[in-house]
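Colleague: My questions are about this predicted structure, shown below with the sequence.
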Amino acid sequence: MLLKNLSTENGLVNGSKGVVVGFRRANEEDYENYMGNSAVMRKEYLPIIRFQINIAGKYREETRVIKREEFEVSSNGKKTASRTQLPLMLAWAITVHKVIIFSSTFSFVSVSVPVPVLLYVSLFLHFLFIS
């Protein structure tokens, strides 16, 4: 999942989800303005991510190499701190319905907020598939 807007006009915005499809070695063009350690840069591999983007109901795929981005902290209009990182984090989701394919004879349902419907569905599906 992206942590920064990379291209709002193309739909690559904070929160966009994609799939890692490969890696490639970084080159000089990837870090023209990078002030960090160039020895590290030459050994770095950058992720290639395939995004499925929905703009105004039209889906399309875009594959892009994700480069390091600078994140800044400002106070009174002055830059007080910054860090450079890949603007990515792991993101995944699983629903009660997906869990059923992993059915077993034992179930443990943990619900942090009382949601009777969720509890009912999870137990109903469990007993449906183990019997």
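Modeller: Looks like it arrived, so ask away. Numbers count the residues shown, from 1 in each chain.
Colleague: rest of the way, CA atoms for contacts and neighbours
Modeller: Fine.
Colleague: Just the buried residues of the lengthiest strand in the chain, please?
Modeller: The longest strand of the chain (DSSP state E) is strand 45-55. By neighbour count with 16 or more other C-alpha atoms under 10 Å, strand 45-55 contains the buried residues Leu46, Pro47, Ile48, Ile49, Arg50, Phe51, Gln52, Ile53.
Colleague: got those as TSV, with distance to Leu3 columns?
Modeller: Formatted as TSV, the buried residues of strand 45-55 follow (distance: C-alpha to C-alpha, whole Å):
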residue	distance to Leu3
Leu46	16
Pro47	14
Ile48	16
Ile49	14
Arg50	15
Phe51	14
Gln52	16
Ile53	16
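Colleague: Could you export the residues you listed as TSV, including pLDDT and distance to Ser75?
Modeller: Below are those laid out as TSV (pLDDT from 0 to 100; distance: C-alpha to C-alpha, whole Å):
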residue	pLDDT	distance to Ser75
Leu46	92	32
Pro47	95	32
Ile48	96	34
Ile49	96	33
Arg50	95	36
Phe51	92	34
Gln52	87	36
Ile53	86	34
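Colleague: Just the closest of those to Ser82, please.
Modeller: Leu46 (20.6 Å; C-alpha to C-alpha).
Colleague: residues contacting that closest one?
Modeller: By C-alpha atoms under 8 Å, 6 or more residues apart in numbering, the residues touching Leu46 are Phe23, Arg24, Arg25, Ala26, Val65, Ile66, Lys67.
Colleague: now these as TSV including distance to Ser75?
Modeller: Formatted as TSV, those follow (distance: C-alpha to C-alpha, whole Å):
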residue	distance to Ser75
Phe23	36
Arg24	37
Arg25	36
Ala26	33
Val65	32
Ile66	28
Lys67	26
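Colleague: Quick one, which of the residues you listed are buried?
Modeller: Neighbour counting with 16+ other C-alpha under 10 Å marks Ala26, Val65, Ile66, Lys67 as buried within these.
Colleague: Thanks a lot, catch you later.
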